[in-house]
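# structure for the following, please:
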Amino acid sequence: MTGEQATVLAAYVATGFLGSLLLWAGAQKLQRPYRAAIAIRQFRVSRRVHKRHGLALGATEVIIGLGLLSANASLFLVLSIPLLLLFTGVVISALGRGERFDCGCFGGRDRPISWLTALRNAVLLVAATLSLVAMLVLRAPSHADAVLGTAAGALVASTIALVHALVLARPFSFSLVRGSNG
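Residues are numbered from 1 along each chain as shown. The predicted structure follows:
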């Protein structure tokens, strides 16, 4: 494999990761559209909390996420870049105003926004941009390598989502101390 092919393969891994991440985030917003709508209002993108805004953002993320996992990944990278730019911009703007609140990024129980939130979004933005450039400028890998790269990125994102869900659910936690009723 040449250096160019390895670079494009890395771009597909990043694209698979981003696609799965957007798919996960969008699905969470579709399940809890009011939570997303509250965050949209807190970011001052909307003047009021509307369920339809949360649904629209969730649907947008799901559509772009699915597109990033498809054979048309480069087209959906073009669509993901303004979305990630918006996400990064509203976080930086809120932080600049001294505000700290739940970003609603992944459905619920998120930590308040911080400069790490802005950094995460900026890293995703740079990865999407570099992936698009690599896919458009460099020689593409074989179809099988592109599928493998996308699947590898999706696997990493899915593993992170699973660990996140387990941390929130705490299915293996127990207490040795009985409550006052027991």
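
# excluding residues flanking it in the chain, which one is nearest L77?
Leaving aside its chain neighbours, L77 sits nearest to L132 (4.1 Å; criterion: CB to CB, 6 or more residues apart in numbering). Heads up, the C-betas are built off the backbone N, CA and C, glycines and all.

# which residues of the protein score low on pLDDT?
107-110, 139-142, 164-165, 168-169, 173-182 (pLDDT under 70).

# show me where it has its helices.
Per DSSP state H, the chain carries helices over the ranges 3-31, 33-42, 51-68, 73-96, 115-137, 143-169.

# in JSON lines: the ones you listed, plus distance to F106 and mean neighbour count.
Shown next, in JSON lines, are the helices of the chain (distance: least, CB to CB, whole Å; neighbours: other CB atoms under 10 Å):
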{"stretch": "helix 3-31", "distance to F106": "5", "mean neighbour count": "22"}
{"stretch": "helix 33-42", "distance to F106": "10", "mean neighbour count": "21"}
{"stretch": "helix 51-68", "distance to F106": "10", "mean neighbour count": "19"}
{"stretch": "helix 73-96", "distance to F106": "12", "mean neighbour count": "18"}
{"stretch": "helix 115-137", "distance to F106": "11", "mean neighbour count": "17"}
{"stretch": "helix 143-169", "distance to F106": "7", "mean neighbour count": "15"}
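
# what about the residue nearest to L77, distance to A59?
Separation of L132 from A59 (CB to CB, to the nearest Å): 22 Å.

# separation between V137 and S74?
Taking CB to CB, one finds V137 at 11 Å from S74.

# contacts only, for the residue nearest to L77.
Residues counted as contacts of L132 (CB atoms under 8 Å, 6 or more residues apart in numbering) are A11, S74, L77, V78, I81.
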